[in-house]
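Engineer: Provided below are the primary sequence and the corresponding predicted coordinates.
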Amino acid sequence: MQTATSYLSRIRGVDLLPEERIEAILHPEQGLIEEPVGSGRLLAATNRRVISVMEDGSTRVAQMYAMASVCGVGVRNDVRRGLSWLQWAVLVLGAVVAYLVLAYWLVDRLPSVIIPVINLHAVAAILVILIALAVWLLWRSMTHSGGSLIRIEGVNWSLDIPCAGECYEDSVAFANILLSMQHAAGGPSHYPQGTETSLVAGR
C-alpha cells in the first residue's frame, strides 16, 4: 500500500486531471505497487477516477470511470483444497490398477517393442509417463490457489479484474481505499434501486 504522496502525473499515457492524485495502484500479479509497471494490466484509484489500463505490446486499452459513480466492490478468492491421505492412497491405487490392466492387456495385442536398457515394453513405458503426468496435473490443480477476482460495480458499468491468489489481501486493501475515495467523492448521485455501497470479501 502506498504510504507517501504520489507525484505521478500520468499512468500508461493517461494524464491525470488538475488536482487529481493517485491513491493506490493494483497489479493483478504483484498486488499493491508504488510505481506502474511497463506492461500488463493495472487498476488505479485516484481521488477523481477509477482507471484501468492494459497493454500487451500491440494493444493498449484504457478505461476511466468517475469515482463518484462507484456503487460497490467485491473481492473473491477461490482456494482449491488439497487431497487427504486416504484420497491420495485411492488415487495411487487406481493408477497402479489402471497401469497393470492396460499395460498387460495391450502388451499381448501390440508388437513386442522393448526399450533397451530398462527392458520395458514401449506401451507400458508410455502408460507410466501418462499416469505420472495425470497425477502431477491433479496434484498441481488441487494444491494451488484458484486465484482472486476484484469486481467494481458502478452506475451502468462494471469492471472484473482477475488477480493472483497471493494478491487477495492487497485486493481487499485496494477495495477499501476505493470505497474511501468513493465516500469522499460523495458517491453516485442516483443509486440503481436495490444497490448498496459495500465491500463483499469472501475466501
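Structural biologist: Received it, and whenever you're ready, just let me know what you need.
Engineer: hey, where'd the strands end up in this protein?
Structural biologist: Under the criterion DSSP state E, strands of the chain are mapped to 10-11, 14-15, 22-27, 31-33, 40-46, 49-55, 60-66, 70-79, 114-115, 120-121, 145-154, 157-163, 199-202.
Engineer: residue 130 is nearest to which of those?
Structural biologist: Closest approach to residue 130 among the strands of the chain is made by strand 120-121 (14.1 Å; C-beta to C-beta). All C-beta atoms are positioned from the backbone trio N, CA, C, and that covers glycine.
Engineer: what pLDDT, on average, does stretch 186-203 get?
Structural biologist: Averaged over stretch 186-203, pLDDT sits at 46.
Engineer: what do you get for stretch 37-45?
Structural biologist: Averaging pLDDT along stretch 37-45 yields 86.
Engineer: quick one: closest of the strands of the chain to residue 95.
Structural biologist: Residue 95 lies closest to strand 120-121 among those, at 16.8 Å (C-beta to C-beta).
Engineer: low-confidence ranges in this protein?
Structural biologist: Residue ranges of the chain with pLDDT under 70: 1-6, 79-85, 87-88, 99, 101-121, 123-124, 139-146, 188-203.
Engineer: let's see it at 90
Structural biologist: For the chain, the stretches flagged by pLDDT under 90 are 1-14, 19, 29, 34-41, 54-61, 76-149, 162-168, 183-203.
Engineer: reformat the strands of the chain as CSV; add distance to residue 92 and mean neighbour count.
Structural biologist: Converted to CSV, the strands of the chain look like this (distance: least, C-beta to C-beta, whole Å; neighbours: other C-beta atoms under 10 Å):
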stretch, distance to residue 92, mean neighbour count
strand 10-11, 51, 14
strand 14-15, 53, 13
strand 22-27, 39, 22
strand 31-33, 37, 18
strand 40-46, 39, 21
strand 49-55, 43, 20
strand 60-66, 47, 14
strand 70-79, 24, 20
strand 114-115, 24, 11
strand 120-121, 20, 16
strand 145-154, 24, 19
strand 157-163, 33, 16
strand 199-202, 33, 13
